[in-house]
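# Just need the structure, nothing else, for what follows:
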Amino acid sequence: MSTQPFTIDDLKRILLEGSGAAEDVDLDTDILDQEFEDLGYDSLALLETSSRIERTYGITISDSILADATTPRALVGAVNEHLADDAAA
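Numbers count the residues shown, from 1 in each chain. Next comes the predicted model:
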C-alpha cells in the first residue's frame, strides 16, 4: 500500500496504461473538472482504472464511489480519502 497521496498525474498514468486516450483528448491539459465521458472514458474504462488503482494502492473503490466520481478531481479526492482513512486506522 502506498503512503503517498494519489495525484492527477497518477490518474493520467493509470488511464493511459489501462485505456489509452482518445485522439481528440489531450490529457496534458487541465482535465480535473471535465467529465470522464467527455474525455472518452466509458464505464468499462473506469472499471479498469479503479481495478488498477485498487491493486496499486491497496484500497477498495466501491461501485457507488466510482459512479459518483464523474470527473478526475472527484476520483482523485475519493482515492485520497480512502488512503487517509487507511492511514488513520
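
# need the helices for this structure, in chain order.
With DSSP state H as the criterion, the chain has helices at 8-19, 43-57, 63-68, 72-88.

# of all those helices, which lies closest to V25?
Distances from V25 to each of the helices of the chain were compared using Cβ to Cβ; the shortest belongs to helix 8-19, at 10.0 Å. Glycine gets a C-beta too; all of them are placed from N, C-alpha and C.

# Please identify the buried residues of that closest one?
Neighbour-count burial for helix 8-19, with 16 or more other Cβ atoms under 10 Å as criterion, is recorded at D10, L11, I14, L15, G18, S19.

# Let me see the residues that make contact with it.
By Cβ atoms under 8 Å, 6 or more residues apart in numbering, the list of residues contacting helix 8-19 from outside reads 21, 27, 31-32, 41, 45, 48-49, 52-53, 56, 72-73, 75-76.

# one more time with 7 Å, if that's ok
Residues outside helix 8-19 that contact it (Cβ atoms under 7 Å, 6 or more residues apart in numbering) are L27, L32, Y41, A45, E48, T49, R52, I53, P72, L75, V76.

# ok, the third one to R52 distance?
Which is Y41. In this view, Y41 and R52 are 13 Å apart by Cβ to Cβ, to the nearest Å.

# Neighbour count for these two, which is higher?
Taking neighbours as other Cβ atoms under 10 Å, Y41 and R52 compare with Y41 leading, 21 against 17.

# Tally up the residues packed near the closest residue to I65 other than its chain neighbours, please.
Using Cβ to Cβ, 6 or more residues apart in numbering and skipping the chain neighbours, the partner closest in space to I65 is A78 (5.0 Å). A78 sits with 20 neighbouring residues when counted by other Cβ under 10 Å.

# swap in E81?
As a burial measure, E81 scores 13 neighbours (other Cβ under 10 Å).

# just D85 next, same as before
10.

# ok, back up a step: which one, of the helices of the chain, ends up nearest to E37?
Using Cβ to Cβ, the nearest of the helices of the chain to E37 is helix 43-57, at 9.0 Å.
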